[in-house]
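1. Give me coordinates for this.
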Amino acid sequence: MEYLHTIEQQRPRGDCHDPTAGPVEFASLKPQNVRLTSRALGWGALNFERREAAPDSDCLPAGSTEHLVFVSLAPGHVQREADGALVEQELTPGCVAVQPSGQSVRWSWDTRLSLSVMSLEPAFLDRVAAEVFDLEPGDYQLLASTREQDPVISNIAGVLAREALRADVGGKLYAESLANILAVHLLRNFSLRLGSAAAPEDRPTQTAHKSRAVADAIAYLQANYWRDVKLEDMATAVHLSPFHLARQFKRVTGLTPHQYLVQVRVNAARSLLTAGSGQRSLAEVASAVGFADQSHLTRQFKRHFGVTPSRLR
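-> Alright, predicted model coming up:
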């Protein structure tokens, strides 16, 4: 079944065609629908909201001040009007929609909606575009897009939801690293290169190669975090020298590869502990997620979350 199709070409109706309006912060729209938010946690460029909405409509005549990324958590039905087109969407869990900042848009829905919403500051995306892809703001355009599934975006939203719910120590640093990963993903998969700025697949560059290498390095760490991971092995896997990988990794994520690896390990340990680790001792949990011993796990766990792992048992 088609989950997305264009109904007809027409201009947005009513108050959504208001030339005097200015962009608004999405968080100010229907705050009664917000069930969880990171706004008070001081994360910076990337924020998260969990929303539940009864049938209704929303209109942004001059768009949002932030780029918006939506992840549907339940089935639903939405109509979206923007750029002269009316598009109807049948939502399923995991559907992803990207709405660029500053674009006039109107949504209406006749079902209940359950959504995760990530808001990313345009200036932050511009900075990542310049640092990673060597693009100026006029060299690219973030596109309004809808996809049935995007595992990377869904995973980022899931992690942000847990961080917003728990409000643990280290959440801001974690959100900042995820903001970099989300920005790179949007630029690689949801943007259009303008003018002489050819897309990376059309004009391979050293910069594009390095950004792909960082994404591959992150995937390598997530698949092998429980092993004795060495920078040299990871660099070989992504076809960069250890020096260049370490420098580019820090540039994209804000963390060194080792710092990122520790984050993955402590979050894996937390998942084991909160899900119930059966009869496993803390030493066994430490070994299962790649720490040398229980004391190493305890030290890093307390540093990231402000409590010892034994408090979660």
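
2. give me the number of residues near Arg227?
-> If you count neighbours by other C-beta atoms under 10 Å, Arg227 ends up with 10. Using the backbone N, CA and C atoms, a C-beta is placed for each residue, glycine as well.

3. How about the secondary structure of it?
-> State at Arg227, reduced to three classes by DSSP: H, G, I helix; E, B strand; the rest coil: coil.

4. close enough to count as contact, it and Ala288?
-> No: between Arg227 and Ala288 there is no contact under C-beta atoms under 8 Å: 11.4 Å.

5. The residue nearest to Leu115 when sequence neighbours are not counted sits in which helix or strand?
-> Residue nearest to Leu115 in three dimensions, not counting chain neighbours: Arg51, with 4.9 Å by C-beta to C-beta, 6 or more residues apart in numbering. For Arg51, the host element (DSSP states H and E) is strand 46-53.

6. Can you give me the buried ones in that strand?
-> Using 16 or more other C-beta atoms under 10 Å as the burial criterion, the residues of strand 46-53 that qualify are Leu46, Asn47, Phe48, Glu49, Arg50, Arg51, Ala53.

7. And that strand, what does it pack against?
-> strand 34-37, strand 113-120, helix 151-166, helix 171-189 (3 or more C-beta pairs under 8 Å, 6 or more residues apart in numbering; DSSP states H and E).

8. residues touching the residue nearest to Leu115, list them.
-> Applying C-beta atoms under 8 Å, 6 or more residues apart in numbering to Arg51 gives the contacts Lys30, Asn33, Val34, Arg35, Leu113, Ser114, Leu115, Ser116, Val117.

9. Give the rounded mean pLDDT of stretch 171-190.
-> Stretch 171-190 shows a mean pLDDT of 88.

10. next one: it to chain centre, how far?
-> How far stretch 171-190 lies from its chain's middle: 5 Å, per C-alpha atoms, centre = their mean, to the nearest Å.

11. Thanks a lot, see you next time.
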